[in-house]
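K.L.:
Here is my input, please return the structure:
(chains A and B)
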Amino acid sequence: MKASLSLLSVGALLAACGNTASNRPRPDMGAAGNVSVAEGGSGSPAGGAGNQDCQADLPAAALVRLSFPELSRSVSDLLGEDAARRIDEELELTQDDGSFPPLVSPDEGYVVDDRLFARGDQLAQRASTYVLENFEAVTGCASDYECVRDFVDTFAEQAFRRPLDEEEQSLLDRVVGGAEALGAPPEQGAQYGVYAVLESPQFLYRTEFGPSSATGTQGEVRLSDYELASALSFFLTGAPPDAPLLKAAAAHALGGSEQLGPQVERLLASAAAKTHLQGALGNYLGIYRLSNVVIDRLLYPSWNAALATSMGVEVRSLIESSLWSGPVSALLTSRTAHVNESLATLYGVAFPPPGGGLDELGFADVQLPAERAGLLTRAGLLTTRSRPDRASVVARGLWIQTLICDQSPPFPEQIPDQSSTPTNPDPTERERSEFRQEEDACKDCHVQIDPYGLALDEFDAIGGYRREDPQGRPIDVKVTLPAVAGGAEVTGGAELSTALASEVFTKCLAQRFLEYAAPSPAPGSGTQKCQAQQLADAGELTDDASFADVLKSVAMSRAFAYRQR
Amino acid sequence: MHGVTSYRFRRRSFLASLGGAFGLSTLLSNLEASAEGQASPPRFLMMFWPVGTVPSAFRPTGEGVNYKASPILQPFEDAGLRQDTIVLYGLSDKGLSLIGGGGSEGGVVARTTGASSPGTRINGGEADDSVAGGPSFDQIFLKHVARLSRPNAVPYLNAIGDARVDSNEISAQCLSYSYDTRSIAAVQGGSITENVPLLPEVRPAQLYAKVFSGFMPGGNSDANQAEALRALQLRKSVLDHALGQLAHIKRLAPASEAPRIDIHAEAIRKLEEQLSGELAGGMPGECSVPVAPDADLTALAGSASEYGTGAVVDDESVQLEALGKSHLAVIRAAFQCDLTRVATFQWASSVDKVAFKGLMPEEPDTSYRHHPLSHRILQVEPAPDPNSANGKVLQFLANVHTWYNKKTADFLKTLQQTQDVFGNSLLSHTIVPFVTDTAHATHSRSPLPTLIFGGSALGMQGGQYLNFEKELRPHNDAWLSIAQAYLPDAPDVVAALAGETFAKTAVLQQPIAGLWRRPA
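P.N.:
Numbers count the residues shown, from 1 in each chain, chains lettered A, B, ... in the order given. Got it, this is the predicted structure:
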């Protein structure tokens, strides 16, 4: 559709037709968290999936490709931090790509095609070159093929995160034996042995096939002990299983909840898990977008890179301080903020606070005004859902939808010409929304999307509080929430946050982390939604559940440990 | 990668990027010339520029062979390429549907596959990322034209000069799509089948490594030769091992995982076959190995929702030019040495983020980003007053298009002047379609401009301009016209390609008369 519809103001048109197939306004559509909005049951309430089907509705047995950051951490475990750091630097493996789940970005992907293979090949080459260059230190061998063979075998067990079977062993022996037969020195034998291990699918993927006895069968299988150890570890720490977990797998001691529970708690208590999961949640929320967001400085003179960085620090601090104590829904209600002077000015709070308490970066904890509560009202996240010149009702609405796992109906195949247009050449955001909610092509989605964005419209493009729009017209932030969000009448962002700080949010978080735990190329079937509902039905996802409770529920759920073959 | 604001020049040895630590040395010089005979093979290079054109500044005056080039097309005249240039205007996506696709995103897959897109992928970002509904024409020609494949060579090369997109889109940064398909989750709900994207290389050094991995510096002594051969054998054993392990996993995996495993195996097999070819001495003979590109030169990539339309500080066109030159030099060398015969090169993603300095009228010291600025334009014709704000933006867009044409003309000139190993001009045996995603700044996909360069020895009839604005002829007709040159012995090129997805659109497709004549 052409965008030359001169009767309507540009802004109104773009907002009205945010879903048109051509010339759509990008910033309104880019909610980073909408990664999984397309699972089945269009428009159905979050958690509305029928429970009866859940018993049979398990994720499919699959080969799960490890992301490059996961491979990098694996190399770190195998060869040490120095090797991993050097390789990361050369190949840019651990740059935070912001994707959630981890394989959805263009740099990753579920399928090892030419490009991903080439990247993995480079990683394997560099790691094996490191072994050549540091032969004695890494292998503990003198120039001796017997020792090299033992080293490569042990290295392969570590890299594959389990013992090798006979065929795997035999294939690997051929590489090292071949090097010897070609007259290569033992150092080169070790190099190519390591190269072969790191080029192997057993290193590049983890399997979710179930035990070998399940091969060729159909039906429900529980992951093998080693598979479960890997799945748990990559989920909770982003790294391969540690020695205690592998030991438990070897002893078949990951069976019931009484065995699994302590392992999950042990991992969750680790610093690695905290760093990893905070990062994952940050990606889910789209904090990374702050580094790219464009704001018109003529309209917002206080905007600059330093302010963007400060906003990122503040949101990450909120996550860190709220995540590991108290209910996870506190993320939506906390009014404590870790801010510096520029953020304090934006928020309209005194700085430094009485009593000081500035950290080395010049940040201190303050209490935010009553119009703010939790993540949804923090400047950083509001800014990433804005257009360069104004706040975006649609982008913010879409974002909230993803946070409660609601889903709009599918895009219409064709957007009709907008023959009826509002006569007001400069409508308010509420008038624009009313227009969208009246148009046949737009209304099915926008009645579900816009109320959230309208409630947040009291915050400008960079999250500053306002009572009037740029034209000086009062902003009306009273809305009736869609039924999926409880259907209450709320006024403004703080009340919206409070209304959403419930089981709806917690259950959606569980669903997202179920998706995160088992990244799969299989199109969304509602499996994770269904499983999250089961957890909620079992009383594990109440509104006072902590983040650790949610993760533990996910890690010990049936959807985590069982697959359909 | 986020937050990248300038091209990176990082400390990294080029040898490492080639696996140089493996001790490969020059193999090529002693190997026999290709046994394929002395006739130059046909070649194909699809090129892409983003954001269409400014019609009033693009359309030539006159028609046929007597046309007068417009300012935007003048660089090809200046480079002496008129007789190697076909100018087409007024093409369209008639008959194609691109469900949910953005103008720029859907435009790329429509242009290069000629097929409808079944929907958009969930990519963690925006919802308008069209999937390919069929293979792209580089792959189609590879399949149907035996002489576009060379045994033991790299089947095709894909490269890009600037890969930044809005928010994780693949379609905006990928011209080439495989025959392999896979099922993925769709924004529209449920699953759709897409043809697998064959993403471009962002680093010229990596592109170089792909082609010239056997051309290592280090002398040509017997010792080096022996070590190089052993390194090749060892590397091949690693690949054989990976294939063996993959087959082992496939036996254990549920059948549903077989297609993914096969794609992985195919990627290994391609490299393995290339190494086998090198070990068997199957590389061609005399040709000059180009200087390796700067190892640290890499295209900007990642997501950046930069839709601010104001001025920005950097002039990124200098770096883009360096990237383009470097990528295209590798492609030219690969053609010259007959190490590949098919390639695609995309100057920038279809949501071009590159900032160009001095191209806005009356603002010589200011830079503006290309595609974001196009969003200011809601109407291109009738052309607005050149002194109005919209008029100036349109002139900026025309200047950027001219910039892309100038750099492309510079490259084509070198292609014209370079002889292949058989002693013929590269350009005369290479057809270079130069395509874009959208017609113009409003993101409409008609009337499209398209240029076709080269291929005179294959029968392409350069030196003419055809305008199809009234009928909005399907763009696939341009592809069919090119297909004639590659399938000269087919009694009916439409019938020869009738099984392809693009041929199944509702609109009748025929080659454009007069663009090709059977070579004498």
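
K.L.:
what about the residue sitting nearest the centre point of chain A, is that helix, strand or coil?
P.N.:
Central residue of chain A (C-alpha atoms, centre = their mean): residue A:100, 2.7 Å from the mean position. Counting by DSSP: H, G, I helix; E, B strand; the rest coil, the backbone at residue A:100 sits in coil.

K.L.:
Neighbours of residue A:213, how many?
P.N.:
The tally of other residues near residue A:213 (other C-beta atoms under 10 Å in any protein chain shown) stands at 9. Backbone N, C-alpha and C define where each C-beta goes, glycine included.

K.L.:
and residue A:139, backbone torsions?
P.N.:
phi -90, psi -30 (degrees, to the nearest 10).

K.L.:
Residue ranges in the chain under the pLDDT threshold?
P.N.:
Here I'm looking at chain A. By pLDDT under 70, the low-scoring segments of chain A are A:1-56, A:93-98, A:106, A:408-424, A:519-526.

K.L.:
ah, I was thinking of chain B
P.N.:
Filtered on pLDDT under 70, chain B yields the residue ranges B:1-38, B:124, B:151-152, B:213-225, B:228, B:277-290, B:305-311, B:313, B:506, B:508.

K.L.:
Next, the contact list for the residue nearest to residue A:176 when sequence neighbours are not counted, please.
P.N.:
Counting by C-beta to C-beta, 6 or more residues apart in numbering or on different chains, the nearest residue to residue A:176 once its immediate chain neighbours are dropped is residue A:193, at 4.6 Å. Counting by C-beta atoms under 8 Å, 6 or more residues apart in numbering or on different chains, residue A:193 makes contact with A:148, A:149, A:151, A:152, A:155, A:172, A:175, A:176, A:179.

K.L.:
show me what contacts the first one?
P.N.:
By C-beta under 8 Å, 6+ apart, the contact list for residue A:148 reads A:139, A:141, A:176, A:186, A:189, A:190, A:193.

K.L.:
Relative to chain B, how far out is it?
P.N.:
Counting by C-beta to the nearest C-beta, to the nearest Å, the gap from residue A:148 to chain B is 14 Å.

K.L.:
Say whether chain A is contacted by stretch B:390-399.
P.N.:
No: under the criterion of C-beta under 8 Å from any C-beta of the partner chain, stretch B:390-399 makes no contact with chain A; the nearest approach is 11.6 Å.

K.L.:
chain center to that stretch, what's the gap?
P.N.:
Centroid separation between stretch B:390-399 and its chain, computed with C-alpha atoms, centre = their mean, to the nearest Å, is 26 Å.

K.L.:
Repeat that for stretch A:243-251.
P.N.:
Distance, centroid of stretch A:243-251 to centroid of chain: 28 Å (C-alpha atoms, centre = their mean).

K.L.:
Could you give me the buried positions within it?
P.N.:
Neighbour-count burial for stretch A:243-251, counted by 16 or more other C-beta atoms under 10 Å in any protein chain shown, picks out A:245, A:246, A:248, A:249.

K.L.:
I'd assumed residue A:228 was in contact with the second one.
P.N.:
So that's residue A:246. No: using C-beta atoms under 8 Å as the test, residue A:246 is too far from residue A:228 to be in contact (11.2 Å).

K.L.:
closest to residue A:79 among the buried residues of stretch A:243-251?
P.N.:
Closest to residue A:79 out of the buried residues of stretch A:243-251 is residue A:246 (17.7 Å), distances taken as C-beta to C-beta.

K.L.:
For the closest one, which non-adjacent residue is spatially closest?
P.N.:
That would be residue A:229: by C-beta to C-beta, 6+ apart, it lies 6.0 Å from residue A:246.

K.L.:
which stretches of the chain form strands?
P.N.:
Since you didn't name a chain, this refers to chain A. A:62-65, A:205-208, A:220-222, A:336-339, A:364-367, A:478-480, A:489-491, A:562-564 (DSSP state E).

K.L.:
nope, chain B
P.N.:
Under DSSP E, chain B gives strands at B:43-49, B:85-92, B:157-160, B:163-165, B:177-185, B:191-197, B:301-303, B:342-346, B:355-357, B:367-369, B:430-436, B:448-454, B:464-467, B:473-474.

K.L.:
before we move on, back to that, and the buried residues of stretch A:243-251, which is closest to residue B:392?
P.N.:
For these, the nearest to residue B:392 is residue A:245 (63.4 Å; C-beta to C-beta).

K.L.:
Next, count neighbours for residue A:471.
P.N.:
7.

K.L.:
excluding its backbone neighbours, what's nearest it?
P.N.:
residue A:426 is the one closest to residue A:471 (C-beta to C-beta, 6+ apart), at 6.8 Å.
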